[in-house]
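structure, please.
(one chain, ligands or ions: 2)
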Amino acid sequence: MKAYLKVCHHRGARLQNEPCGKARTFSCPYHSWTYGLDGKLRGMPHPAGFEGVDRSQLGLVELPAWERFGLIWVMPSVPDHEIDIDAWLAPMAEQPTNLDLGSHFVFRKWELPKNMSWRLLLEGFQESYHFCHAHSTTACAGYLDNQSVHYNYGPHVRHSLPRPNIEALRGKPKEKWYYRPYFLTQNYLFPANFVQVQNDHVYIHTVIPTGTGTCVFQCMMLTPEEPKTEKALKYYSKNYDLIRVVFEEDFVIGEGIQKGLNSGANTGFTFGKYECGLQFGQNAIDAALEGRLKI
Ligand code: FES
Ligand SMILES: [Fe+2]
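Numbering: from 1, shown residues only. Ligands and ions are numbered 1, 2, ... in the order given. You can find the predicted model right below:
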């Protein structure tokens, strides 16, 4: 597994614009410097113009990359020390490991630029206090109003929302309790990912800051297998359509909050007890900013 910044070492042109595909080499569109899959500079037109330049110093910048839980993880900057990814993910590893995501099918994949801080976008997934208000005609009916279980696995946070059918567990022995049919679980993997576990499919979110008040939201909807029947296709499509509406309800509010922040009306927010997931998330960000969080 290898990951590189797609930035040409000559004069910085972008090597690739395709989001995915297969290639044996990467050729720069500007002056056709060419790089191998090992990131090394393989060739350039009219090399006489670069006589004496050490080509071994002109390879692509490599980023740390790993495969864990069937997902590819890339650190988007070059660290100054070795990263122990397993130690980092360990507090949250149990649930994503048991989901067997590597055998899932990417049913839908989308990306949305948003005019809101990445932190505001995270907040929509860290509490359920807003569900029956912001999602009154969509997600509200699917969950018990304002009921959440938060686990602080610092810096990661697990947020589980019980569904009304959880009543069926009353009186059943604890060994028979299994979370998945009865909870929506939002596993926040610090700093920028969620593994959101639904009853029979999973969403993977990545929230990428692009400026102080802008970010990009990327999402994949994973189904246990490729839908093979019309019925299965309809079922997952309906879930996809609904989640797009629900997420958009959050994003419209989030972009409004960003505008409000820009106005200077608020210098801080008030987190209530039901919103402790936000508190845990904010504590982790504070720790990272103050250098207390070691990767
Ligand atoms: S910038 Fe890439 S070859 Fe010139
Ligand atoms: Fe929401």
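
how many residues are close by residue 69?
For residue 69, the count of nearby residues is 21 (other Cβ atoms under 10 Å). (Each C-beta comes from the backbone N, C-alpha and C, glycine too.)

over to residue 255?
Neighbours of residue 255 (other Cβ under 10 Å): 17.

now the one 5 residues further on
Residue 260 sits with 11 neighbouring residues when counted by other Cβ under 10 Å.

give me the element it is part of.
Secondary structure assigned from DSSP states H and E places residue 260 in helix 230-263.

now do the following helix or strand past that helix: distance to the chain's middle.
For helix 230-263, the following helix or strand on the C-terminal side (DSSP H and E) is helix 276-289. Chain-centre distance of helix 276-289: 17 Å, with Cα atoms, centre = their mean, to the nearest Å.

residue most distant from the centroid, the protein?
Ranking residues of the chain by C-alpha distance from their mean position (Cα atoms, centre = their mean) puts residue 48 at the top, at 45.3 Å.

without its sequence neighbours, what residue ends up closest to the closest residue to ligand 2 within the stretch 101-250 of the chain?
Residue of the stretch 101-250 of the chain nearest ligand 2, by Cβ to the ion: residue 250 (4.0 Å). Distance criterion Cβ to Cβ, 6 or more residues apart in numbering; nearest residue to residue 250, sequence neighbours excluded, is residue 124 at 3.8 Å.

check residue 123 too.
residue 278 (5.7 Å).

where's residue 209, which helix or strand?
If you go by DSSP H and E, residue 209 is part of strand 202-211.

after that strand, next one along is what?
That would be, after strand 202-211 and using DSSP H and E, strand 214-223.

can you pull the buried residues of the helix-or-strand element of the chain with minimal mean pLDDT?
Within the chain, judged by mean pLDDT, DSSP states H and E, the helix or strand with the poorest mean is helix 94-98; its value is a mean of 92. By neighbour count with 16 or more other Cβ atoms under 10 Å, helix 94-98 contains the buried residues 95-96.

how about stretch 49-60?
58-60.

start and end of stretch 77-94, how far apart?
Taking Cα to Cα, to the nearest Å, stretch 77-94 runs 27 Å from one end to the other.

oops, could you answer that again for stretch 29-38 instead?
Its start and end residues considered, stretch 29-38 measures 19 Å (Cα to Cα).

the residue in the stretch 151-295 of the chain positioned nearest to ligand 1: neighbour count?
For the stretch 151-295 of the chain and ligand 1, the shortest gap (Cβ to the nearest ligand atom) falls at residue 210, measuring 22.8 Å. For residue 210, the count of nearby residues is 11 (other Cβ under 10 Å).

who's the closest spatial neighbour of it, skipping the chain neighbours?
residue 216 (5.7 Å).

now swap in residue 110 and tell me
Of all residues not flanking residue 110 in the chain, residue 219 sits nearest, at 5.7 Å (Cβ to Cβ, 6+ apart).

quick one, what contacts the one you found?
Listed by Cβ atoms under 8 Å, 6 or more residues apart in numbering, the contact set of residue 219 reads 108-111, 203-206, 247.

cool, thanks, talk later.
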